[in-house]
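> I'll drop the sequence and a predicted model, then ask my questions.
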Amino acid sequence: MVHNVCMVSDFFFPNTGGVESHIYQLSQCLLQRGHKVVVITHAYGHRTGVRYLTNNLKVYYLPLMVAYKQCILPTLFATLPIIRNILLREEITIVHGHSAFSALAHEAMFHACTMGISTVFTDHSLFGFADASSILTNKILKFSLADVKHVICVSHTSKENTVLRAALAPHKVYVIPNAVDSTVFTPDPSQRRADRTTVVVMSRLVYRKGIDLLAGIIPELCASHPDVHFLIGGDGPKRILLEEVREQYQLHDRVQLLGSVNHEDVRDVLVQGDIFLNTSLTEAFCIAIVEAEACGLQVVSTRIGGVPEVLPDELIYLAEPSVKSLLIALENAVEDKKRGRIVSPRERHERIGRMYTWQDVARRTEIVYDATAELPGSTLADRIHRYSHSGSGWVLFVLLIVIVNYLFWKLLEILVPRKKIELVPSLIAKSSQREAT
């Protein structure tokens, strides 16, 4: 079954990150498999309007106001005219939203449901249940996912978290892990220094990435191992903490802060290291450790979220999210490296290349699309029933939003009839790869 898919998220190129990479790589593989794929995101600076990326991947950069951390200002109704126009012009059959943080993704899925178009959502994050921001996000998620056909999570831990947060039926939620382009992330042991052990950290320097733990680890490990050096890539509000530690313990020659690193340069940084350290306090999957493993590094990580699912025990040192536990794991990794009790970089790379591929992610996502397309459509009465039983709170307000959006859509159908919207001709030919499968 061939699908016309619209990927929607606030997070996309030229911004870089796990969600952005996931959307791009998945879109490219779906195009190769013969599907039509377009992407909707908000404008980034002067990048607005329609742009084309590799393999004619069409991207709509909408001129919407960005409110906070690259997310648009939520308006609900204001985005309906332009999103309706795009979905009709491109003859979209499935709208695929990404990230619980993305207001644009939630609004596009809401409008698609109003128009009778099937929707799929991928959750890339883990959330708590106690703090104010998590409670608010979970309420929004219950409302947004009440009418979504299927949900994809990147780990089984993430699935359990999403099912609880959004009060979803477990059978509606699929688990499809992230992947890595093993042709890009390749090992190069010649870039390592034989006279030292280099610990690489590639992360946003924020609280949830465990930078406070890293600040406690650096002086302790440097004191016990004179040959250990740290190479830290990334930027954020916690950078000042690492600079203070480096200054306090006079570690300028052993702790290098690279600042923000472009995604295309990440591999060149990773191959300089022997050990990759992940100190995150919450992760649904953690693509960074997969990229590091593909580059042949030993991986030390906190045992949190979906991380224990990502790599087999012989490829990762897991520790509790504490300075003491992480130090023990790092000590073991350093000693194993010195004694040669490690898996070779080439074998690590080959195993990751077999375990995680974007082609496999696309094939499994295709199965979700097929299952979604086979489900019957929903009437307004069906949607009202689902929203009223979603447990999202403020039921009357939610139902008012649903009905008003439906009436607005009907008004647009009269003012701008479908027959007056010019359709975009499809230039994507059915690939031989899809026919073979």
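Arrived safely. Numbering: from 1, shown residues only.
> show me where pLDDT drops low in the stretch 1-150 of the chain?
By pLDDT under 70, the stretch 1-150 of the chain has no low-scoring segment.
> Please, where are all the strands along it?
For the stretch 1-150 of the chain, the strands defined by DSSP state E, counting those that start in this stretch occupy 4-8, 36-42, 49-53, 57-62, 66-68, 71-72, 94-98, 118-123, 150-153.
> Please identify the deepest-packed of those.
Comparing the strands of the stretch 1-150 of the chain by mean neighbour count (mean count of other CB atoms under 10 Å), strand 94-98 ranks first with a mean of 27. (Each C-beta comes from the backbone N, C-alpha and C, glycine too.)
> Show me what that one is packed up against.
Packed against strand 94-98, as judged by 3 or more CB pairs under 8 Å, 6 or more residues apart in numbering; DSSP states H and E, are the following elements: strand 4-8, helix 18-32, helix 103-114, strand 118-123, helix 358-374.
> how far is it from where the chain is centred?
13 Å (CA atoms, centre = their mean, to the nearest Å).
> Show me what it pairs with in its sheet, parallel or antiparallel.
If you go by DSSP bridges, strand 94-98 pairs up with strand 4-8 (parallel), strand 118-123 (parallel).
> pretty sure residue 267 is touching residue 297, no?
No: applying CB atoms under 8 Å, one finds residue 267 not in contact with residue 297, separated by 11.1 Å.
> list residues touching both of these two?
Counting by CB atoms under 8 Å, 6 or more residues apart in numbering, residue 267 and residue 297 have no common neighbour.
> between the two, who's got more neighbours?
In this view residue 267 and residue 297 are compared by other CB atoms under 10 Å, and residue 297 has more residues nearby, 27 against 18.
> picking that back up, can I get the strands of the stretch 1-150 of the chain in a markdown table including distance to residue 301?
As requested, these are exported to a markdown table (distance: least, CB to CB, whole Å):
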| stretch | distance to residue 301 |
| --- | --- |
| strand 4-8 | 29 |
| strand 36-42 | 30 |
| strand 49-53 | 32 |
| strand 57-62 | 33 |
| strand 66-68 | 29 |
| strand 71-72 | 28 |
| strand 94-98 | 24 |
| strand 118-123 | 21 |
| strand 150-153 | 19 |
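> of all those, which lies closest to residue 239?
Closest of these to residue 239 is strand 66-68, at 20.6 Å (criterion: CB to CB).
> and the closest one, how far from the chain's centre?
With CA atoms, centre = their mean, you get 19 Å for strand 66-68.
> again, but for stretch 408-419
For stretch 408-419, the distance to the chain centre is 35 Å (CA atoms, centre = their mean).
> what is the mean pLDDT for it?
Averaged across stretch 408-419, pLDDT comes to 95.
> Can you point out the buried residues in that stretch?
408, 409, 412 (16 or more other CB atoms under 10 Å).
> Filter these down to the ones in helices?
408, 409, 412 (DSSP state H).
> I'd assumed residue 315 was in contact with residue 351.
Yes: counting by CB under 8 Å, residue 351 touches residue 315, with 7.2 Å between them.
> what's the distance between residue 321 and residue 278?
11 Å (CB to CB, to the nearest Å).
> Neighbour count: the two, which is higher?
For residue 321 versus residue 278, the count of surrounding residues by other CB under 10 Å is larger for residue 278: 24 against 16.
> OK, contacts around the nearest residue to the more buried one once chain neighbours are set aside?
In this structure, residue 278 finds its nearest non-sequential neighbour in residue 301, 4.0 Å apart by CB to CB, 6 or more residues apart in numbering. Listed by CB under 8 Å, 6+ apart, the contact partners of residue 301 are 277, 278, 279, 280, 286, 289, 307, 316, 317, 318, 319.
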